[in-house]
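K.L.:
The following block contains a protein sequence and its predicted model.
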Amino acid sequence: MVEIHVRKDSQDRLSSFLATGHAGWDEDGKDVVCAAIATILQSAWLGLTDVAGIDVQGSREKGRLALVWPEGARDDAAARAIVATAALSIERIAQQYPENVRVIYKRDDG
């Protein structure tokens with residue numbers, strides 16, 4: 001199963017994504033569910049960096065993608081649209097494939 005942890009900051013703004021695991025819908029290289037999640041998150045990363053011009057912190061490795069954008073960018077309209085669209089897209093995939101994808105929202109109260 002792929003788990004996507006979506007964090008919100010103390011002001012209820014999206015602040016990061018962390019995806020771990022594999023969907024298990026099909027074998028590696030043929031798993032369209034994993035491919036969809038990876039594509040959405042990597043598109044969000046590109047949108048934040050190359051479209052909105054935001055310096056993000058992130059890492060990609062097999063079975064794990066982490067992406068965090070700075071607090072100062074969380075009110076930027078383009079950034080908000082990009083990450084909200086990614087979160088909504090992932091939620092819809094999780095609804096279609098509940099045995100393969102889980103979205104977990106967490107709030108940082110600090």
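P.N.:
Great, that's in hand.
K.L.:
Can you give me the pLDDT of the spatially most central residue of the chain?
P.N.:
Centroid-nearest residue in the chain: residue 17, 4.1 Å away (criterion: Cα atoms, centre = their mean). Looking at residue 17, its pLDDT reads 97.
K.L.:
Run through the residues that contact it.
P.N.:
Neighbouring residues of residue 17 by Cβ atoms under 8 Å, 6 or more residues apart in numbering: 4-7, 41, 44, 65-67, 83, 86-87. Glycine gets a C-beta too; all of them are placed from N, C-alpha and C.
K.L.:
Residue 29 too?
P.N.:
Applying Cβ under 8 Å, 6+ apart, no residues contact residue 29.
K.L.:
Give me the secondary structure label for it.
P.N.:
Classification of residue 29 using DSSP: H, G, I helix; E, B strand; the rest coil returns coil.
K.L.:
Backbone dihedrals for the residue nearest to the centre of the chain, please?
P.N.:
Main-chain torsions, residue 17, degrees, to the nearest 10: phi -130, psi 140.
K.L.:
Now do the same contact list for the closest residue to residue 7 other than its chain neighbours.
P.N.:
Among residues not flanking residue 7 along the chain, residue 16 sits closest, at 4.5 Å (Cβ to Cβ, 6 or more residues apart in numbering). Residue 16 makes contact with 5-7, 66-69, according to Cβ under 8 Å, 6+ apart.
K.L.:
Residue 16 falls within a helix, correct?
P.N.:
No. Checked against three-state DSSP, residue 16 lies outside a helix; its state is strand.
K.L.:
partners of it in the sheet?
P.N.:
Per DSSP bridges, the residues bridged to residue 16 are residue 7, residue 68.
K.L.:
quick one: it from residue 26, how far?
P.N.:
Per Cβ to Cβ, to the nearest Å, residue 16 is found 28 Å from residue 26.
K.L.:
and what of residue 33?
P.N.:
Distance from residue 33 to residue 26, by Cβ to Cβ: 8 Å.
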